[in-house]
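>>> Just the structure for this:
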Amino acid sequence: MKIHITNLYGRGDTIGKAQQMTADIAKKDLNYNELGIYNYPMQSDTPDMLRTRLDGIVASVSHGDIVIFQLPTWNGFKFDETFVTHFNGYRNLKKNFLFMIFLRCRMREFRRIWINISHFLIVQI
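Numbering: from 1, shown residues only. Model prediction:
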């Protein structure tokens, strides 16, 4: 069983740095594997292009692994939802969510949607 954590690339602001610092600690101190996500305008992707992109991101994940999602990815809510549901075919996969800062205004919406598909919820505010 491996533990994976998402890491956001393509943002040089506080949002990107916060996720990268969290992932760096997880990788260096806890030996987690990284699932790199690039910040891009996903509206240009067709469903097949998005599925191919997600397949590349999750290629190292196996049945029974643990995935920690640092959300939001800032690629839009549709991307985040599609990304998380992309793992539904994995047996015994544990999905855990680390909601990063800057979410105060949308926290109710995220709780309502994500709490139904995660094993537990970690919130950093």
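>>> Report all helices and strands that the longest helix that the chain contains contacts.
In the chain, ranked by residue count with DSSP state H as the criterion, the top helix is helix 14-30. Other helices and strands packing on helix 14-30, by 3 or more Cβ pairs under 8 Å, 6 or more residues apart in numbering; DSSP states H and E, are strand 3-9, strand 33-38, strand 66-71. Every residue, glycine included, has its C-beta placed from N, CA and C.
>>> And these: which comes nearest F79?
Among those, strand 33-38 comes nearest to F79, with 8.7 Å by Cβ to Cβ.
>>> Given that closest one, what are its sheet partners and their directions?
strand 3-9 (parallel) (DSSP bridges).
>>> In the partner strand, which residues are buried?
4-8 (16 or more other Cβ atoms under 10 Å).
>>> Now flag whichever of those is closest to P47.
Closest to P47, out of all of the buried residues of strand 3-9 and judged by Cβ to Cβ, is T6, at 20.9 Å.
>>> neighbours around the closest residue to K94 other than its chain neighbours, how many?
Closest residue to K94 apart from its sequence neighbours, by Cβ to Cβ, 6 or more residues apart in numbering: I66 at 4.5 Å. The number of residues packed near I66 is 17, by other Cβ atoms under 10 Å.
>>> try R11
R11: 16 neighbours (other Cβ under 10 Å).
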